[in-house]
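*Asks:* Next come a sequence and a model predicted from it.
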Amino acid sequence: MASAAILAALASGGVIGLILGLVGGGGSILAVPLLIYGVGIGSSHAAIGTAAVAVTVNALASLIGHARARRVKWRCAGVFAASGMIGAALGAELGKAFDGQRLLVLFGLLMIGVGLSMLRPRRTADAPDVRLTRRSAATLLPRLVPIGLGVGLAAGFFGIGGGFLIVPGLVLATAMPLSVAIGTSLVVVSALGLTTAASYALSGLVDWGVTALLVAGGGAGTIAGIALGRQLGARKGLLERGFAAVVIAIGVYVTATAV
């Protein structure tokens, strides 16, 4: 691998880890275009498989930091993740059978849609003590299960961790605060990423050398993202709007070049 490609892979991993550590998602939705247009992986399917492995490892690393800060609702995450893994397994099989060029077009359109949804004002969450118990199950399970299935299907089909789909999904289903939804989402990102990664790895669609570089860069990015998130917590709305603009811009570029 050329030195420029190595540096690009390390930098891409740093960006993925930074975003995951900072806002709990979104690094994965950038991973595929970074690998294709930055690192130079020619196959969209190989880029999806490689991204899924790297994002899973980086999400697990970021989860440790959020768990230590007690920002994870484990039972809610477990139900959401179990439902999402079923959807992700189905989505990954559908994605591999789909034409690579059309997959990129749809991926670009998804990025635009997610970016636009991030710009919409969010209703303030009002249930910081929400827990999945026998008493609350009748209310929470009918929300967590179908939303988890839908997010998992999209995550597996497009080879993304689904962080920016999971966070609003968790808030919608449980009314947990955004900061807690960010930490909780990393459990689901890890589970969905593992499901997608395993499917692509078994099909030989993972570049392990690039994966190692992404993970190496992602470790440093994750540490920086969590630290920066603590300092800029009060300006998270500004950070999310800025990142939404980046996601939309890249989505437009991917769509335009893939058509």
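*Replies:* Great, that's in hand. Numbering: from 1, shown residues only.
*Asks:* And residue 129, how far from residue 250?
*Replies:* 37 Å (Cβ to Cβ, to the nearest Å). For glycine as for every other residue, the C-beta is placed from the backbone atoms N, C-alpha and C.
*Asks:* between those two, which one's more packed in?
*Replies:* When neighbours are counted by other Cβ atoms under 10 Å, residue 129 and residue 250 differ, and residue 250 comes out ahead with 20 against 8.
*Asks:* can you give me the helices in the stretch 151-259 of the chain?
*Replies:* 163-174, 178-202, 208-231, 236-258 (DSSP state H, counting those that start in this stretch).
*Asks:* avg pLDDT for the shortest one?
*Replies:* Just to be clear, that refers to helix 163-174. Averaged over helix 163-174, pLDDT sits at 82.
*Asks:* same for it, what does it pack against?
*Replies:* helix 3-23, helix 27-33, helix 74-96, helix 100-119, helix 137-158, helix 178-202 (3 or more Cβ pairs under 8 Å, 6 or more residues apart in numbering; DSSP states H and E).
*Asks:* what about residue 187, how many neighbours?
*Replies:* Residue 187: 23 neighbours (other Cβ under 10 Å).
*Asks:* Surely it touches residue 77?
*Replies:* Yes. Applying Cβ atoms under 8 Å as the test, residue 187 and residue 77 come out as touching, 3.7 Å apart.
*Asks:* Check which helix or strand the residue lying farthest from the centre of the chain maps to.
*Replies:* Within the chain, residue 135 marks the point farthest from the mean C-alpha position, 30.8 Å out by Cα atoms, centre = their mean. Residue 135 belongs to no helix or strand when assigned by DSSP states H and E.
*Asks:* And it, its phi and psi?
*Replies:* Per-residue torsions, residue 135: phi -70, psi -40 (degrees, to the nearest 10).
*Asks:* Sketch out the low-pLDDT regions of the stretch 1-150 of the chain for me.
*Replies:* By pLDDT under 70, the weakly predicted segments of the stretch 1-150 of the chain are 1, 24-26, 28, 122-126.
*Asks:* if we go to 80?
*Replies:* 1-2, 20-30, 98-101, 103-104, 114, 117-118, 120-126, 128 (pLDDT under 80).
*Asks:* picking up where we left off before, and the helices of the stretch 151-259 of the chain: which comes nearest residue 155?
*Replies:* helix 178-202 (4.5 Å; Cβ to Cβ).
*Asks:* Would you mark the buried spots in that closest one?
*Replies:* 178-201 (16 or more other Cβ atoms under 10 Å).
*Asks:* Just the CA atoms of stretch 99-114, as CSV, please.
*Replies:* Presented in CSV, the C-alpha positions along stretch 99-114 are these (Å, rounded to 0.1, in the frame of the first residue of the first chain):
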residue,chain,number,x,y,z
ASP,A,99,-25.7,-3.4,-7.7
GLY,A,100,-22.7,-1.6,-6.2
GLN,A,101,-23.3,1.6,-8.2
ARG,A,102,-26.9,1.8,-7.2
LEU,A,103,-26.0,1.1,-3.6
LEU,A,104,-23.8,4.2,-3.6
VAL,A,105,-26.6,6.4,-5.0
LEU,A,106,-29.0,5.2,-2.3
PHE,A,107,-26.2,5.6,0.3
GLY,A,108,-25.7,9.2,-0.8
LEU,A,109,-29.4,9.9,-0.7
LEU,A,110,-29.6,8.4,2.8
MET,A,111,-26.8,10.7,3.9
ILE,A,112,-28.7,13.7,2.7
GLY,A,113,-31.8,12.6,4.4
VAL,A,114,-30.0,11.9,7.7
